[in-house]
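Trainee: Structure, please.
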Amino acid sequence: MTVSAGPRTTQTITEGTPIHEVARLMAAEGWRAVVVTDLDGRPRGIVSERDLVVRGLAWNVPLDTPVESLMTPDLVTAAPSVPPRFAYRLLRAHGIRHLPLVEEGRVVGVVARDDLVDEANTEVLADLRHCPRCGGEWLRPVSTTEATNFLCLVCRSCWHLAAGAFVQVEQRSCPGCPEHNYCRFPLIDYGVNTSRLPSSANDPAARARSVGREVDRGGRPDGGNGGTPGLPASVRG
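Mentor: Purely as a prediction, here's the structure:
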């Protein structure tokens, strides 16, 4: 998944444009910011609604003033292929609300914080620790190549935030995930026929609690005689 610039692919204006024309264009197009380019199309700065008000209107700047007089010249940019989570973190790290996407020296789009709502929610939810499936605690937020997922400590289910809701992720399907070996309950890895297990062994949450109690008593989670951890001898092998 990469950042989508959507309808903002022409969100630029050239140096020398009077600020009243910039304001009129932004109002007509519904833009909250516009990238200022030179005559060759190379980005030079960015001007936002706030810049027009705070740096222009508030100081009675003449309406025919060139836009570069009000723009912020030090642009923070990214490539169009940047993952959304990195784009959001870049916006947050620099305290900005708009990120121009630049390819081969040309602006191809502008992404705003409002375009990255899911990523913003993910950052907030990174501190939450309750699994939608079993109610257990999160192991940790896990960064993959494409997104930030949440891996549960108890049932080992994995979740991703989409459109403001949690969606379960298919196990071991995320490129770049550092937790592939922890993303599936061990009973599956060992090739055990789970239908032969007691009902509590089929329940990941119940089994995790049982193993925890055994360890607390000083015992071994494998039942004390080796073999597959936590499985009765009748179902091992």
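Trainee: Show me where this structure dips below the pLDDT cut-off.
Mentor: Scanning the chain for pLDDT under 70 picks out the ranges 1-10, 123-129, 138-139, 163-164, 180-181, 183-237.
Trainee: Stretch 115-122: which residues count as buried?
Mentor: If you call a residue buried by 16 or more other Cβ atoms under 10 Å, then stretch 115-122 has these buried ones: 115, 116, 118, 119, 120, 122. In this view, the C-beta of every residue, glycine as well, is placed from N, C-alpha and C.
Trainee: wait, stretch 159-176
Mentor: Those would be 159, 160, 161, 169, 174, for stretch 159-176 by 16+ other Cβ under 10 Å.
Trainee: and residue 109, bridged to which residues?
Mentor: Beta-bridge partners for residue 109, by DSSP bridges, are residue 101.
Trainee: tell me which of the buried residues of stretch 115-122 is nearest to residue 96?
Mentor: Taking Cβ to Cβ as the measure, residue 116 is the one of the buried residues of stretch 115-122 closest to residue 96, at 12.4 Å.
Trainee: Work out for me the element the nearest residue to the closest one once chain neighbours are set aside sits within.
Mentor: The shortest distance from residue 116 to any non-neighbouring residue, by Cβ to Cβ, 6 or more residues apart in numbering, is to residue 88 (4.4 Å). Assigned by DSSP states H and E, residue 88 falls within helix 84-94.
Trainee: quick one: buried residues of that helix?
Mentor: Buried, per 16+ other Cβ under 10 Å, within helix 84-94: 84, 85, 87, 88, 90, 91.
Trainee: just the residues you listed now: which is nearest residue 140?
Mentor: The nearest member of the buried residues of helix 84-94 to residue 140, counting by Cβ to Cβ, is residue 85 at 15.2 Å.
Trainee: Please tell me I have it right and the closest one contacts residue 144.
Mentor: No: counting by Cβ atoms under 8 Å, residue 85 stays clear of residue 144, with 9.2 Å between them.
Trainee: if we can go back for a sec, now, the buried residues of stretch 159-176 that are in helices?
Mentor: Using DSSP state H, no member of those falls in helices.
Trainee: what's the closest of the residues you listed to residue 60?
Mentor: Taking Cβ to Cβ as the measure, residue 60 lies nearest residue 161 of these, at 45.9 Å.
Trainee: ok, now which ones touch that closest one?
Mentor: The neighbourhood of residue 161, defined by Cβ atoms under 8 Å, 6 or more residues apart in numbering, consists of 118, 121, 122, 125, 148, 167.
Trainee: Please repeat the previous calculation with a cut-off of 6 Å.
Mentor: Neighbour list for residue 161: 118, 121, 122 [criterion: Cβ atoms under 6 Å, 6 or more residues apart in numbering].
Trainee: Pull the number of nearby residues for the spatially closest residue to residue 48 that is not a sequence neighbour.
Mentor: Leaving aside its sequence neighbours, residue 48 sits nearest to residue 33 (Cβ to Cβ, 6+ apart; 4.1 Å). Residue 33 sits with 23 neighbouring residues when counted by other Cβ atoms under 10 Å.
Trainee: ok, and the closest non-adjacent residue to residue 178?
Mentor: Of all residues not flanking residue 178 in the chain, residue 142 sits nearest, at 6.9 Å (Cβ to Cβ, 6+ apart).
Trainee: Quick one: classify that neighbour as helix, strand or coil.
Mentor: strand (DSSP: H, G, I helix; E, B strand; the rest coil).
Trainee: Report the contact partners of it.
Mentor: By Cβ under 6 Å, 6+ apart, the neighbours of residue 142 are 149, 151, 179.
Trainee: and what of residue 76?
Mentor: Contacts of residue 76 were listed using Cβ under 6 Å, 6+ apart, and they are residue 94.
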